[in-house]
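A.B. asks: Give me a model of this one.
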Amino acid sequence: MGVKDNAFTWSEATNRAVYGVNSFHARGYPVRSSDLESLNEAIGRWGQFLRNIFLNSSVGYIAEENLQKLSLEDTELYLDVKIQLSQCMANVQDDILANRLEMICNEIRKNSYRFLSNTLPMLNENSRQMVESKHQAGFLRTESSRNLTTGGRFNSSAEQDSDLASRRKKIMTQVNRQHRDVIHNLAQLNHKIGEELYSDEFEL
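C.D. replies: Purely as a prediction, here's the structure:
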């Protein structure tokens, strides 16, 4: 057996151990380290914002001005991701990849926009009506102690509560579906970027 056969081979595993997981890519495109870092940070900020608004959506009534602030913040975070993605892809000659990443961003935005402009206001209104119904029930209980002929009004209130609870269940199903889609698309976006782009400082 010659020396060549016993020579040390610089394997992919060794390369990754020395230079990091982004090195020795068999596929993908090198991009500036600062651009890739800015893109990942922008996606992270948007993802954290979206997780918070979905998880906190059923806490209670949200004032109209706060809804508008959330919508504005979502728009700003989305545009920041689009800007950073454009910067990161500036020197990547792959229109298919660029379009795919943009499509995923737009899908996330579509769900967040629907949630903030339609679903969350519906949940908001449902919360307001449930609070009003609860106050009304308390008023009727007070009146019933004075007048025992209010049974019909109690039945009406119970029916309203049932309708509101049914409505809330349907809205929450919609919230959960939109939340699931957003989480799926965020994971897809991160995976696609990690698979197709890597920092040029690890390029050999």
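A.B. asks: alpha carbons only for contacts and neighbour counts from here, please
C.D. replies: Will do.
A.B. asks: Give me the buried positions along stretch 193-200.
C.D. replies: Ile193, Leu197, Tyr198, Ser199, Asp200 (16 or more other C-alpha atoms under 10 Å).
A.B. asks: same thing with stretch 104-119?
C.D. replies: By 16+ other C-alpha under 10 Å, the buried positions in stretch 104-119 come out as Ile104, Cys105, Glu107, Ile108, Arg109, Asn111, Ser112, Tyr113, Phe115, Leu116, Thr119.
A.B. asks: Stretch 176-194 now?
C.D. replies: By 16+ other C-alpha under 10 Å, the buried positions in stretch 176-194 come out as Gln178, His179, Asp181, Val182, Asn185, Leu186, Leu189, Lys192, Ile193.
A.B. asks: May I see those residues organised as a markdown table, with distance to Arg51 added?
C.D. replies: Converted to a markdown table, those look like this (distance: C-alpha to C-alpha, whole Å):
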| residue | distance to Arg51 |
| --- | --- |
| Gln178 | 11 |
| His179 | 8 |
| Asp181 | 12 |
| Val182 | 9 |
| Asn185 | 12 |
| Leu186 | 10 |
| Leu189 | 15 |
| Lys192 | 20 |
| Ile193 | 20 |
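A.B. asks: Now do the strand or helix carrying Leu70: which elements does it pack against?
C.D. replies: Using DSSP states H and E, Leu70 falls within helix 64-88. In terms of contacts (3 or more C-alpha pairs under 8 Å, 6 or more residues apart in numbering; DSSP states H and E), helix 64-88 is packed against helix 33-55, helix 95-114.
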